[in-house]
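**Student:** Dropping a prediction and its sequence here:
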Amino acid sequence: MTAGTRDGPPRGRGATGNPAGRFETRAKEAFADGWSEPDAEPRSLPTVVFAQTARSIIMRNDSPDVPFTQSINPYQGCEHGCIYCYARPSHAYLNLSPGIDFETRIFAKTNAAELLRSELAARAYRCSPIALGANTDPYQPAERAQRITRGVLEVLSECRHPFTITTKGALVERDLDLIAPAAALGLARVLVSVPQLDHALARRLEPRAAAPARRIETIRRLAAAGVPTGVLVAPVIPFLNDHELEAVLAAARAAGATTAAFIVLRLPHEVRGLVDAWLQEHQPLKRERVLNALRAMRGGRDNDPRFGSRMTGSGPFAELIAGRFALAARRLGFADEAAELRSDLFRPPPPGQQLELF
């Protein structure tokens, strides 16, 4: 189904519509028959959070492109509404649209902390860092009331288990009472995602995420609290925000970030159509130029799923971005890589018992 309004895309949302997911066999389209106005969604759409009882909570992967093998996603769907989010296609598995539905139909894994305690207590469990925010943001707006991410951090802190956090949300500062003590033991690290500093562009690309300047301030506050903090310039979008690469790195470094990484925009599954529609709505004069540059970095395709190239792309333009990033990171004094988090302090929770905070 394509969501439409009489006056344009919904306010405060990234996607311009609600296209059917790739598994749908039917589609619905508004049609003006002359008797009444076509069905139209209101300009302002509410966010609905559904309680979800998960069956397991620690996800595992063997991808060589990411620096972790374990992750936890407290939420499915993300109200931040970043139009480019590679997690959008996951909503198709719920018979929901990767478009507006992804931003307005959020599933909260309310039993996450309970499941985590049980899985960490398993005799076969082997400790290695757990990444929070590998798919959707653990500090999206729903977390303020749901406090699921905080519950997960409480369990990890009790067990002295290493973890990383990737977020666009300033709400991460709320949990410094857990993150800072863990960081002092070599157990925690935070990455703050800042694709650009341009406030107007960010408001359209990432409508409900913290403003870029606020994210830089979050880096400052995390670093001041002794938390190893990095900046993730992701995604880099040619002819849209790539010109800000050096400025983002400089601002993050001045705020106290010690590591940096970047990812070139990916267009898996439905993301391609969503980004195309967004460009047509917000950047029509740059649409073809952006898409052609992305294809040039993906071997002529919309998306390149191959390990080793899917995050950075290939070809002259990709090499130019990688070279600029390396040069700026070296000039600004970013570390080549983050220090390894400790796993030797882990103490599994006794089954059915509560541990004390360290």
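**Tutor:** Good, I have the coordinates.

**Student:** Pull stretch 84-101 out as CSV, backbone CA atoms only.
**Tutor:** C-alpha atoms of stretch 84-101 as CSV (Å, rounded to 0.1, in the frame of the first residue of the first chain):
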residue,chain,number,x,y,z
TYR,A,84,18.6,5.2,4.7
CYS,A,85,18.3,2.6,7.5
TYR,A,86,19.4,-0.8,6.4
ALA,A,87,17.1,-2.4,9.0
ARG,A,88,13.9,-1.2,7.3
PRO,A,89,13.5,-4.4,5.2
SER,A,90,13.1,-6.4,8.5
HIS,A,91,9.6,-5.0,8.9
ALA,A,92,8.5,-6.9,5.8
TYR,A,93,8.9,-10.1,7.9
LEU,A,94,6.0,-8.8,10.1
ASN,A,95,3.8,-8.1,7.1
LEU,A,96,4.4,-4.4,7.7
SER,A,97,5.8,-1.8,5.4
PRO,A,98,9.5,-0.8,5.6
GLY,A,99,8.3,2.7,5.0
ILE,A,100,6.1,4.6,7.4
ASP,A,101,5.2,1.4,9.4
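
**Student:** list the buried ones in that stretch?
**Tutor:** Neighbour counts using 16 or more other C-beta atoms under 10 Å place 84-92, 94, 96-101 of stretch 84-101 among the buried residues. To be clear about C-beta, it is placed using only N, CA and C from the backbone, and glycine gets the same treatment.

**Student:** can you check stretch 178-193 too?
**Tutor:** Within stretch 178-193, judged by 16+ other C-beta under 10 Å, the buried ones are 178-179, 181-183, 186-193.

**Student:** circling back to that earlier point, mind checking which of the buried residues of stretch 84-101 are in helices?
**Tutor:** When the buried residues of stretch 84-101 are checked against helices using DSSP state H, the ones located there are 100-101.

**Student:** Please identify which pair of the buried residues of stretch 84-101 lies farthest apart.
**Tutor:** Using C-beta to C-beta, the pair of the buried residues of stretch 84-101 lying farthest apart is 84 and 94, separated by 20.3 Å.

**Student:** For burial, what's the neighbour tally of the closest residue in space to residue 318 that isn't next to it in sequence?
**Tutor:** Among residues not flanking residue 318 along the chain, residue 297 sits closest, at 4.4 Å (C-beta to C-beta, 6 or more residues apart in numbering). Using other C-beta atoms under 10 Å, residue 297 has 25 other residues around it.

**Student:** now swap in the one 4 residues further on and tell me
**Tutor:** Neighbours of residue 301 under the rule other C-beta under 10 Å: 12.

**Student:** mind checking which helix or strand it is in?
**Tutor:** Assigned by DSSP states H and E, residue 301 falls within no helix or strand.

**Student:** I'd say it and residue 295 touch.
**Tutor:** Yes - in this structure, residue 301 sits in contact with residue 295. The criterion is C-beta atoms under 8 Å, and the distance is 6.4 Å.

**Student:** Just put the buried residues of stretch 178-193 in JSON lines and tack on distance to residue 129.
**Tutor:** Listed next are the buried residues of stretch 178-193 as JSON lines, based on distance: C-beta to C-beta, whole Å:
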{"residue": "178", "distance to residue 129": "16"}
{"residue": "179", "distance to residue 129": "14"}
{"residue": "181", "distance to residue 129": "17"}
{"residue": "182", "distance to residue 129": "11"}
{"residue": "183", "distance to residue 129": "13"}
{"residue": "186", "distance to residue 129": "11"}
{"residue": "187", "distance to residue 129": "9"}
{"residue": "188", "distance to residue 129": "9"}
{"residue": "189", "distance to residue 129": "8"}
{"residue": "190", "distance to residue 129": "12"}
{"residue": "191", "distance to residue 129": "12"}
{"residue": "192", "distance to residue 129": "18"}
{"residue": "193", "distance to residue 129": "18"}
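
**Student:** Just give me the closest of these to residue 218.
**Tutor:** Using C-beta to C-beta, residue 192 is the member of those that sits closest to residue 218, with 5.7 Å.

**Student:** so the closest one, which of the three states?
**Tutor:** Here residue 192 is strand, with the state taken from DSSP: H, G, I helix; E, B strand; the rest coil.

**Student:** how near is it to residue 57?
**Tutor:** Residue 192 sits at a distance of 24 Å from residue 57 (criterion: C-beta to C-beta, to the nearest Å).

**Student:** repeat for residue 150
**Tutor:** When distance is defined by C-beta to C-beta, residue 150 is 15 Å away from residue 57.

**Student:** Compare these two (neighbour count), which wins?
**Tutor:** Set side by side, residue 150 and residue 57 show more neighbours around residue 57, with 23 against 18, by other C-beta under 10 Å.

**Student:** What ranges does the stretch 1-150 of the chain have for its helices?
**Tutor:** In the stretch 1-150 of the chain, the segments counted as helices under DSSP state H, counting those that start in this stretch are 100-104, 112-121, 143-146, 148-158.
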